[in-house]
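> here is a sequence with its predicted model. Questions after.
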Amino acid sequence: MSGVIIGFGVITSVVVIGYMLGRLPILGPGAKEVLTKLAFYVASPALLFTILADADLSVLVSAPVLVTVLSVAAVAAVFVTFGLVRRWGLGRTTVGALSSGYVNAGNLGIPIASYVLGDASMVAPVLLLQLLVITPVSLTILDLHTGDVRGLGPVLRRAVGTPVRNPVVIGSLAGVAVSASGWVPPAPLMEPFELIGGMAVPAMLLAFGISLHGSGMPGRGPERGPVLLAVALKSVVQPLVAWFLGALVFGLDGTALFAVVVLAALPTAQNVFNYATLFRTSEVMVREVVLMTTFLTIPVLFTVTFLLG
């Protein structure tokens, strides 16, 4: 379990630095927004391009990916159902569904895959699924929700055009195109992307830490219902659904089953908070879900390892 401790410790240390920057306003009152925009418009596209340009796209066609797709769809559907019944609104329901199923496959998933599963490449299918499918769809919905477009025709045109205007999607699609072409870009060409992309995760974690300054205890505010629902879906229901589908539907066992359950048990990704901040939609709810699911990661993964490892 050293991978869990290492990954958790790295994330926590950077978030704490961000919190201190919030207490000592060295970067000014707009630091969180600047870091969020830096990550979204500049660093994340570069990071995703470098990751996907070297990815093996064939991993997207496999039983573990189907388990991941169905487990994400299951928890998202539960949150959306509650959102419709309770009339939480399109924006809150969208980011809540993301919070319930979008796992931290990058800065926490990679070290956990390396140390717990013994192979960092096992996180690649989840990462690709989120980058190529879940992110474009979710950002398109949020963009349409926060925009002022009305009417069927304008809405359809904006829905079609939103992905090609979104820097995160553009970076992802560019990386996929390079990978699919079989071309290997020379190292000097990739170095600027790698250098800029290296800012993405620290910028998001620092922005998250800054946002914690002045906030109350998670799960006690007016967003208590959606927060607790998303945390329960992410930390408990999604791993259980992944185990059920993997073991009883797709016949996975051993390392393959252990891997899909471990990856499903990862906490909510920091990217979701970045998106909520950028679109000014339920930031407090997402921040609390990210915080609570991250703290629950260690006991959840210990339990999964004890039962399946």
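Noted; the coordinates are in hand.
> let's see the pLDDT reported for the closest residue to residue 258 other than its chain neighbours.
Of all residues not flanking residue 258 in the chain, residue 308 sits nearest, at 4.7 Å (C-beta to C-beta, 6 or more residues apart in numbering). Bear in mind the C-beta positions are built from the backbone N, C-alpha and C, glycine included. pLDDT, residue 308: 85.
> which residues touch residue 308?
243, 257-258, 261 (C-beta atoms under 8 Å, 6 or more residues apart in numbering).
> which residue packs closest to residue 206, ignoring adjacent ones?
residue 18 (3.9 Å).
> what is the neighbour count of the one you found?
25 (other C-beta atoms under 10 Å).
> how close does it sit to residue 11?
11 Å (C-beta to C-beta, to the nearest Å).
> any common contacting residues for the two?
Common neighbours of residue 18 and residue 11 (criterion: C-beta under 8 Å, 6+ apart): residue 205.
> correct me if wrong: residue 124 contacts residue 59.
Yes - with contact defined as C-beta atoms under 8 Å, residue 124 counts as touching residue 59 (5.4 Å).
> of these two, who's got more company?
residue 124 (22 against 17).
> what about the more buried one, distance to residue 16?
The value you get for residue 124 to residue 16, if C-beta to C-beta is used, is 30 Å.
> grab the nearest non-local neighbour of residue 14.
Going by C-beta to C-beta, 6+ apart, residue 14 has residue 205 as its nearest residue, at 4.1 Å.
> what strand or helix carries that neighbour?
helix 200-212 (DSSP states H and E).
> what about residue 9, neighbour count?
Residue 9 has 11 nearby residues by other C-beta under 10 Å.
> going forward, count from 27.
OK, 27 is where the count begins now, so the last one is residue 35.
> report the separation between it and residue 44.
For residue 35, the distance to residue 44 - C-beta to C-beta - is 15 Å.
> just residue 330 next, same as before
Taken as C-beta to C-beta, the span from residue 330 to residue 44 is 29 Å.
> and residue 139, by the same measure?
25 Å.
> the residue lying closest to residue 281 once chain neighbours are set aside: what's it in contact with?
Counting by C-beta to C-beta, 6+ apart, residue 281 lies nearest to residue 143, which is 7.3 Å off, once chain neighbours are set aside. Residues counted as contacts of residue 143 (C-beta under 8 Å, 6+ apart) are 281, 284-285, 288.
> kindly report the same for residue 275.
Residues near residue 275 by C-beta under 8 Å, 6+ apart: residue 93.
> try residue 65
Residue 65 touches 225-226, 229-230, 233, 300, counting by C-beta under 8 Å, 6+ apart.
> neighbour-wise, which one of these leads?
Most surrounded of the contacts of residue 65: other C-beta under 10 Å gives residue 230, at 28 neighbours.
> wait, isn't it in contact with residue 61?
Yes - using C-beta under 8 Å, residue 230 is in contact with residue 61, at 7.5 Å.
> picking that back up, run through the residues that contact the residue nearest to residue 40.
Per C-beta under 8 Å, 6+ apart, neighbours of residue 231: 37, 40-41, 44, 133, 296.
> any regions of this protein where pLDDT drops low?
Where the chain drops to pLDDT under 70, the residues are 27-31, 33-34, 132-134, 136-137, 140-142, 144-147, 173-191, 241-247, 335.
> work out which residue lies at the spatial centre of it.
Central residue of the chain (C-alpha atoms, centre = their mean): residue 295, 3.3 Å from the mean position.
> returning to what we had before: which SS class is the residue nearest to residue 281?
Secondary structure for residue 143, judged by DSSP: H, G, I helix; E, B strand; the rest coil, is coil.
> what separates it from residue 287, distance-wise?
From residue 143 to residue 287 the distance is 11 Å (C-beta to C-beta).
> please apply the same query to residue 298.
Residue 298 sits 21 Å away from residue 287, taking C-beta to C-beta as the criterion.
> can you pull out the strands in the stretch 127-276 of the chain?
Ranges of strands within the stretch 127-276 of the chain: none, based on DSSP state E, counting those that start in this stretch.
> which residues in it form helices?
135-141, 150-155, 161-172, 178-191, 193-207, 213-223, 226-238, 250-258, 264-270 (DSSP state H, counting those that start in this stretch).
> okay, the ones you listed in CSV with distance to residue 98 next?
Converted to CSV, those look like this (distance: least, C-beta to C-beta, whole Å):
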stretch, distance to residue 98
helix 135-141, 14
helix 150-155, 8
helix 161-172, 11
helix 178-191, 19
helix 193-207, 17
helix 213-223, 25
helix 226-238, 21
helix 250-258, 13
helix 264-270, 7
